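Colleague: after the sequence you'll find the predicted model.
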Amino acid sequence: MLKLENIQMQVDNDSGEKTEILKGIDCQFEKGKVYAVTGPNGGGKTSIAKVIMGIYRQSQGHIYLDGEEISDLSISERAKKGIGYAFQQPPRFKGLSIQNVLTIAAPQADLVRVRSSLRDVGLCPEDYLDRDLGAGLSGGEIKRIEMAQLLLRNPVISIFDEPEAGVDLWTIQKLLRLILSTYKNNPRKTAIIITHNEKIIPVCDEIIVVEGGMIQAQGTPEQVWNLIKDDIECKVRNQCQGEINYAIN
Ligand SMILES: Nc1ncnc2c1ncn2[C@@H]1O[C@H](COP(=O)(O)OP(=O)(O)O)[C@@H](O)[C@H]1O
Ligand SMILES: [Mg+2]
């Protein structure tokens, strides 16, 4: 189980002062479950993922993996312990072929698995394996390759940051089926999907709503989804500005 205890995180703003991004996140992610983390843009979802991965450091609070504190471990130490993160905006590595990148991500994977990981994200291996990861790929293609890397690595805690971005509905549904069959009821694994997608959220085991650097609501889809769906769509489209009260009565 992955547990976050009172996680706070700050960044330096332009005038050299600290801005608080995460304001005391308490939650736990159990094995065998698929979690949706949702909420309006700028709420702090990616920051939570980056704190879990060790890319951002918390200013206060603790992170535990299976009871062991990992708050001070480096990114690579956390990766070795089985935490993986597919970036919302993946970096481009010029000069590496897609096959190189997938093989580096999962050295144990044979070519059959490498090829099937590309198919899982809707890319034809014949067209993509030899292409350079830097040049000429669209944002959506880079995003799919990032997800293929995470699927191949198959870590015990897998965090997908907005997998729907730049990916067609057909592929999203295929990817979702794959995530559900790999993680749901798997006694060793947990998936965390940061998403606004109305197909993904209702089929997850638990929904965590993050806004203003805090968890505003948490529960099963039945408890949370009806409460948030209109507000989320509205906020995502930036059509309304006001505070949202997600309190479950
Ligand atoms: N490295 C950073 N430097 C400055 N501000 C940041 C940084 N990372 C995140 N933020 C700010 O923190 C807030 C939450 O961002 P983020 O976690 O990316 O939100 P979400 O993923 O929910 O859209 C935003 O206002 C964002 O601008
Ligand atoms: Mg984000």
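Modeller: Cool, the structure landed. Numbering: from 1, shown residues only. Ligands and ions are numbered 1, 2, ... in the order given.

Colleague: show me what whichever strand or helix holds residue 19 pairs with in its sheet, parallel or antiparallel.
Modeller: In this structure, residue 19 sits in strand 18-29 according to DSSP states H and E. As defined by DSSP bridges, the strand partners of strand 18-29 come to strand 2-12 (antiparallel).

Colleague: in the partner strand, what's buried?
Modeller: Within strand 2-12, the residues that count as buried by 16 or more other Cβ atoms under 10 Å are 2, 3, 4, 5, 7, 8, 9, 10. Quick note: C-beta positions are derived from backbone N, CA and C, even for glycine.

Colleague: and the protein, which of its residues are near ligand 2?
Modeller: 45, 46, 88 (Cβ under 5 Å from the ion).

Colleague: what about 6 Å?
Modeller: 45, 46, 88, 161 (Cβ under 6 Å from the ion).

Colleague: quick one on the thing from earlier: got the buried residues of strand 2-12 as CSV, with distance to residue 25 and pLDDT columns?
Modeller: Putting the buried residues of strand 2-12 into CSV (distance: Cβ to Cβ, whole Å; pLDDT from 0 to 100) gives the following:
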residue, distance to residue 25, pLDDT
2, 12, 98
3, 11, 98
4, 5, 98
5, 9, 98
7, 4, 98
8, 8, 98
9, 8, 97
10, 13, 96
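
Colleague: quick one: which of these is nearest ligand 1?
Modeller: For the buried residues of strand 2-12, the closest approach to ligand 1 (Cβ to the nearest ligand atom) belongs to residue 9, at 8.5 Å.

Colleague: spit out the contact partners of that closest one.
Modeller: Shown in contact with residue 9 (Cβ atoms under 8 Å, 6 or more residues apart in numbering): 20, 21, 22, 47, 51, 56, 57, 58, 59, 213.

Colleague: does the first one touch residue 8 like I think?
Modeller: What that stands for is residue 20. Yes. If you go by Cβ atoms under 8 Å, residue 20 and residue 8 touch, sitting 6.7 Å apart.

Colleague: helix, strand or coil for the residue of the chain found nearest ligand 2?
Modeller: Taking Cβ to the ion, ligand 2 has its nearest neighbour within the chain at residue 46, 3.1 Å off. At residue 46 the chain is in helix, as set by DSSP: H, G, I helix; E, B strand; the rest coil.

Colleague: quick one: pLDDT of it?
Modeller: Per-residue pLDDT puts residue 46 at 97.

Colleague: try residue 13
Modeller: pLDDT, residue 13: 86.

Colleague: and the next helix or strand past the strand holding residue 19?
Modeller: Next along from strand 18-29, by DSSP H and E: strand 33-38.

Colleague: what does that next one rub up against?
Modeller: 29, 45, 48-49, 179-180, 183-184, 190-196, 200-201, 203-210, 228, 232.

Colleague: quick one: it to strand 2-12, angle?
Modeller: 20 degrees (axes from the mean of the first three to the mean of the last three Cα atoms, to 10 degrees).

Colleague: name every strand pairing with strand 33-38 and say which way it goes.
Modeller: Strand pairing (DSSP bridges) places strand 33-38 next to strand 190-194 (parallel), strand 206-211 (parallel).

Colleague: mean pLDDT, mean neighbour count and distance to residue 112 added to these, as a markdown table?
Modeller: Formatted as a markdown table, the strands paired with strand 33-38 follow (pLDDT from 0 to 100; neighbours: other Cβ atoms under 10 Å; distance: least, Cβ to Cβ, whole Å):
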| stretch | mean pLDDT | mean neighbour count | distance to residue 112 |
| --- | --- | --- | --- |
| strand 190-194 | 97 | 25 | 23 |
| strand 206-211 | 96 | 23 | 34 |
